[in-house]
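J.: Prediction below, plus the sequence it came from.
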Amino acid sequence: MSGREHQYGTTVTWTGNQGTGTSGYKAYSRDLEITAPGKPPIPGSSDPAFRGDPARYNPEDMLVASLSACHMLWYLHLCAVSGITVTAYTDEAAGTMGEDADGGGRFTDVVLRPQVTLAPGSDSAKAEALHHEAHGKCFIANSVNFPVRVEAQITIE
């Protein structure tokens with residue numbers, strides 16, 4: 001790999017000690033806080049299936065969101081430099097994770113479903129093709145070992 005290298009850092013702090021630490025499986029909360037310098041904290045937990053707080057983001061939510069956000073940001077960039085004006089973008093992404101009998105597991109796929117609105121006169125065929133290019137450039141999609149599919153819908157205002 002040639003080119004620049006970028007570094008990222010976060011701090012994950014467990015905030016779920018309810019007085020007795022991890023003295024038992026049900027004795028502690030899975031709550032955590034994710035921070036990075038100069039950014040607001042993100043409240044996290046485990047998935048509710050694993051005794052987590054459903055009101056907090058879990059790592060699986062954040063993985064799916066990372067894939068969606070990376071694709072969107074590349075797509076918007078490519079549209080901007082290609083003369084295509086996007087006026088709205090929403091993605092209802094979904095991931096599937098399989099759990100092994102021993103409690104481990106892995107994601108088996110993620111589907112991105114961007115709904116893109118273009119300004120009048122935009123080239124919808126070119127806008128559609130840019131999803132493929134964005135997918136190929138997405139740093140996160142290039143880093144995972146499962147398929148990430150894109151099922152885009154494009155509308156012109």
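T.: Sure, I can see it.
J.: so which strand or helix has Thr87?
T.: Secondary-structure element containing Thr87, defined by DSSP states H and E: strand 86-91.
J.: partners of that strand, with directions?
T.: Strand 86-91 has the following sheet partners, assigned by DSSP bridges: strand 114-118 (antiparallel).
J.: what's the spacing between the nearest residue to Glu92 once chain neighbours are set aside and Tyr8?
T.: Spatial nearest neighbour of Glu92, chain neighbours left out: Arg113 (5.1 Å); criterion: CB to CB, 6 or more residues apart in numbering. In short, each C-beta sits where N, CA and C put it, glycine included. Counting by CB to CB, to the nearest Å, the gap between Arg113 and Tyr8 amounts to 27 Å.
J.: The two: who's more crowded?
T.: For Arg113 against Tyr8, the residue with the higher neighbour count under other CB atoms under 10 Å is Arg113, and the figures read 15 against 5.
J.: Who are the contact partners of the more buried one?
T.: When the contact criterion is CB atoms under 8 Å, 6 or more residues apart in numbering, the partners of Arg113 are 91-94, 151-153.
J.: And it, what's its pLDDT?
T.: According to the model's per-residue confidence, Arg113 sits at a pLDDT of 98.
J.: Same question for the one 10 residues further on.
T.: In this model, Asp123 is scored at 96, pLDDT.
J.: Spell out which residues sit in contact with it, please.
T.: Asp123 makes contact with Ile84, according to CB under 8 Å, 6+ apart.
J.: let's go with 6 Å and repeat that
T.: By CB atoms under 6 Å, 6 or more residues apart in numbering, no residues touch Asp123.
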